[in-house]
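1. Model the following, please.
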Amino acid sequence: MSFRLFMIVYLKVINCLKARFVSIRRMSGSIPKQINNVVEKDLIKTAKCLLPELEFKNHKGSCGRIGVFGGSIEFTGAPYYAGYSALRTGVDLVYIFCASAAAQAIKTYSPELMVLPYLDDQDAINKIAPWLSRLHAILIGPGLGRHQYVSKTLTQVLDYLESNNLATPLIFDADGLFFLSQHPSLLRNYRGNVYITPNIVEFKFLTKSVLNVSVENIDENVITALPKSLGNNVTINLKGFNDIMSFNGQIIRCDVEGSPRRCGGQGDMLSGILSAFAAWVKIKGNSILPSTSIPAELIASYTASYIVRSCNKLAFIDNGRGMIVTDMLEKIIPVTKALFVENKTKS
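-> Numbers count the residues shown, from 1 in each chain. As a prediction, the model looks like this:
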């Protein structure tokens, strides 16, 4: 494909994505009630308000510091995909808290990731604790595994955050969701924002363990009930043919077209991008958003899905059925540049 033809196709795809609509619903009793129709470009315009200004006076870390808890002897790629996605979305620093056996492999993937092999250390919490106050968001799950040390260390980390009044946004994916299913009351009193990103299989075992409900089909009542049962500030992004997000009884669907290709690591990419936006919600706060009925938590979640689906579409155009997640990673920058015209730098 010539460069000129590629750019024509690329611009058509971006314009097509921006023209689609997303429906927003609020639950009224047990009946979903449509409260608004919002053009996607308006949501993206609102999401742009979350992006930190690029200023010459900024220091390293001004645009976000993310911690990724994941990486085990079995799974080393997932934390890399998540961390690298966060960097390419625009955060400054990413720390990977992994098992010692995973550290060397992850370090070879990218020199931009700071790899801390403390997760399975007998004195893990004392080695991890000094870093926690620096983080603007914490992602738990990519490549985490289900070893015995996981539950102990994560419980200590969450206890530390609460006891030190650190309302750091938390994002749970993959084995982080399994951890939540084993400790369904752990986040009931957590003050920070929490985001969960289950696929349909993970959604089913979460609803069974948290709500004691067996789900066969997608039910909006259950989608809104699950995050409320986990805690006060929990947003769900249920991944599927359409991604469905819910926060405080309100629902958004992201039906931006991706491609028929599903590749390993795509969920890690989503959680990494969402971590960036969750951090920016923390840094900038809701006060910077224009008047809207949509909370920042839903805007962050929706935008992450939008970006991943757009990357999937463009990578598939280039690579077809041989597409892998690293092809999608290469599309984060062109997609975000097309969606968010770069902030003018300020002196």
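
2. Low-confidence stretches in the stretch 201-347 of the chain?
-> For the stretch 201-347 of the chain, applying pLDDT under 70 flags the ranges 286-292, 342-347.

3. all helices for it, in order.
-> Under the criterion DSSP state H, counting those that start in this stretch, helices of the stretch 201-347 of the chain are mapped to 220-230, 266-284, 296-319, 325-329, 332-339.

4. Could you check the fourth one and say which residues are buried?
-> Within helix 325-329, the residues that count as buried by 16 or more other C-beta atoms under 10 Å are V325, D327, M328, L329. C-beta coordinates here come from the backbone N, C-alpha and C atoms, glycine included.

5. repeat for stretch 164-172
-> Residues of stretch 164-172 classed as buried by neighbour count (16+ other C-beta under 10 Å): T168, P169, L170, I171, F172.

6. What about the residue lying closest to the third one once chain neighbours are set aside, how many residues nearby?
-> By that I understand L170. Nearest residue to L170 in three dimensions, chain neighbours excluded: V194, at 4.8 Å (C-beta to C-beta, 6 or more residues apart in numbering). V194: 22 surrounding residues under other C-beta atoms under 10 Å.

7. any idea how far R65 is from V194?
-> Distance, V194 to R65, by C-beta to C-beta, to the nearest Å: 18 Å.

8. can you check A102 too?
-> Distance of A102 to R65, given as C-beta to C-beta: 21 Å.

9. neighbour count winner among the two?
-> A count of neighbours by other C-beta under 10 Å puts A102 above the other of A102 and R65, at 27 against 21.

10. Can you classify the nearest residue to the more buried one once chain neighbours are set aside as helix, strand or coil?
-> For A102, ignoring the flanking residues on the chain, the nearest one in space by C-beta to C-beta, 6+ apart is G71 at 3.9 Å. Put simply, G71 is coil when judged by DSSP: H, G, I helix; E, B strand; the rest coil.

11. isn't G71 right up against L139?
-> No: applying C-beta atoms under 8 Å as the test, G71 and L139 come out as separate, 11.4 Å apart.

12. who's more crowded, these two?
-> Ranked by neighbour count (other C-beta under 10 Å), G71 and L139 place L139 first, with 35 against 32.

13. That one - that's part of a helix, no?
-> No: read with three-state DSSP, L139 is strand and lies in no helix.

14. contacting residues for it?
-> Residues in contact with L139, defined by C-beta atoms under 8 Å, 6 or more residues apart in numbering, are 66-70, 82, 86, 170-171, 173, 176, 271-272, 275.
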